[in-house]
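1. Just a sequence and a predicted model for now, questions to come.
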Amino acid sequence: MTRFKIEIERPLCISCESCVNVCPGFWEMAEDGFSHLKGSKRVGDNEEREMDDAGCNIDAAEICPVICIHVYENGKKII
Ligand code: SF4
């Protein structure tokens, strides 16, 4: 089982670009003006990606001013 799942609730994004600045390897601004998690799959309005190491996605989740980035570890939400 993959250890981490990263999720973004895109409708809540206010396009501040903070996540891109702290974690550019995983985050970019999409053409629709909202943040996009690279390599993720679309689930409804959200995006999700599983990975073995959350890396700077934890920083991205912590810096997001509207708390729309979430990190799950072994199925438990940690941010
Ligand atoms: S930090 Fe949050 S609000 Fe800002 S661009 Fe990233 S997802 Fe959107």
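-> Everything's here; your move.
2. In this structure E9 contacts V43, no?
-> No - under the criterion of Cβ atoms under 8 Å, E9 is not in contact with V43, lying 10.3 Å apart. Yep, even glycine has a C-beta here, placed from its N, CA and C like the rest.
3. which helix in this protein runs the most residues?
-> What stands out as the longest helix in the chain, according to DSSP state H, is helix 57-63.
4. At the contact with the ligand, which residues of this structure appear?
-> Within the chain, the positions lying close to the ligand (Cβ under 6 Å from any ligand atom) are 8, 13-19, 35, 64-66, 68-69.
5. make it 8 Å
-> 8, 10, 12-20, 27, 29, 34-35, 60, 63-69 (Cβ under 8 Å from any ligand atom).
6. Narrow those residues to those that are buried.
-> For these, a neighbour count by 16 or more other Cβ atoms under 10 Å gives the buried set as 8, 10, 13, 18-20, 27, 34-35, 60, 64, 68-69.
7. Sitting in helices, which of those do you find?
-> Among these, the members falling in helices (DSSP H) are 18-20, 60.
8. partner residues bridging K41?
-> E48 (DSSP bridges).
9. what separates the residue lying closest to L12 once chain neighbours are set aside from F34, distance-wise?
-> With Cβ to Cβ, 6 or more residues apart in numbering as the criterion, L12 has its nearest non-adjacent residue at 3.7 Å, and that residue is C68. Computed with Cβ to Cβ, to the nearest Å, the distance linking C68 and F34 is 9 Å.
10. shared neighbours, those two?
-> Both C68 and F34 are contacted by 10, 13, under the criterion Cβ atoms under 8 Å, 6 or more residues apart in numbering.
11. out of E9 and V43, which sits in the busier spot?
-> Neighbours were counted for E9 and for V43 using other Cβ atoms under 10 Å; E9 has more, 16 against 9.
12. Which residues are in contact with that one?
-> Contact partners of E9, counting by Cβ under 8 Å, 6+ apart, are 45-46, 68, 70.
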